[in-house]
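[1] with the input below, show me the fold.
(2 chains)
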Amino acid sequence: NAGVTQTPKFQVLKTGQSMTLQCAQDMNHEYMSWYRQDPGMGLRLIHYSVGAGITDQGEVPNGYNVSRSTTEDFPLRLLSAAPSQTSVYFCASSSGQGLGAEAFFGQGTRLTVV
Amino acid sequence: AQSVAQPEDQVNVAEGNPLTVKCTYSVSGNPYLFWYVQYPNRGLQFLLKYITGDNLVKGSYGFEAEFNKSQTSFHLKKPSALVSDSALYFCAVRGSFGNNRLAFGKGNQVVVIP
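    Predicted structure coming up:
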């Protein structure tokens, strides 16, 4: 089983460029989310979705957009990259079986903005 | 809003000794608690969770965690640490009231010394 797949694994952007981080899951999970991981700060929620067509902001949404047109895919778009967005990005999914459902994570995308 | 505190940046332990990683939390309503492990350059892997029932929860790779409602804690434990347990460990929580976002602690680096 593929689980949660993120592409690309590594990316270098110039300041002001835009790009899309891809995330796909094959577990038919309703809930998907994007986190960024920075040293000493743990994981911070960027955006999340509780189902196709429904998205909402997390704690650090500025500079990022998401959409959820299908259950499987949840891309994260950087509108105009800034050095502060240098980070490791993780996509996660979980079933809609309530608050006790554990999240499954992708392998991460390491993004550097120069 | 829910939050997690992992007070120690790094935990050093000799191989074969007991390992404890501390976690305290704050939520509205009942807590749903999780532990994840992250090996270098990998995504987070689920270890165990507490939803309800017995305060001692057993999980993967010989890990267990003890839920203490009065101290709002959910410490991760392993009776005998292995060198291969060296990794970054994250505690996470959801609350039964409010939004159902998963809040992560900043993580604890565990170093098991041969």
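
[2] residues near B:Gln109, how many?
    For B:Gln109, the neighbour count with other CB atoms under 10 Å in any protein chain shown is 15. Glycine gets a C-beta too; all of them are placed from N, C-alpha and C.

[3] number of residues surrounding the closest residue in space to it that isn't next to it in sequence?
    Nearest residue to B:Gln109, sequence neighbours excluded (CB to CB, 6 or more residues apart in numbering or on different chains): B:Gln10, at 4.5 Å. By other CB under 10 Å, the residues close to B:Gln10 number 9.

[4] look up phi and psi at B:Gln10.
    Note on B:Gln10: its backbone torsions stand at phi -140, psi 140 [degrees, to the nearest 10].

[5] what residues are up against it?
    Taking CB atoms under 8 Å, 6 or more residues apart in numbering or on different chains, we find B:Gln10 in contact with B:Asn108, B:Gln109, B:Val110, B:Val111.

[6] in the residues you listed, which residue is surrounded by the most others?
    B:Val110 (22 neighbours).

[7] that one pairs with what?
    Beta-bridge partners of B:Val110, counted by DSSP bridges, are B:Val11, B:Ala87.

[8] from memory it sits against B:Leu19, does it?
    Yes: at 6.7 Å, B:Val110 counts as touching B:Leu19 under the criterion of CB atoms under 8 Å.

[9] list the contacts for B:Gly16?
    Each residue near B:Gly16 by CB under 8 Å, 6+ apart is listed here: B:Ser80, B:Ala81.

[10] if you set the cut-off to 10 Å instead, what comes out?
    Shown in contact with B:Gly16 (CB atoms under 10 Å, 6 or more residues apart in numbering or on different chains): B:Pro79, B:Ser80, B:Ala81, B:Leu82, B:Val83, B:Val112, B:Pro114.
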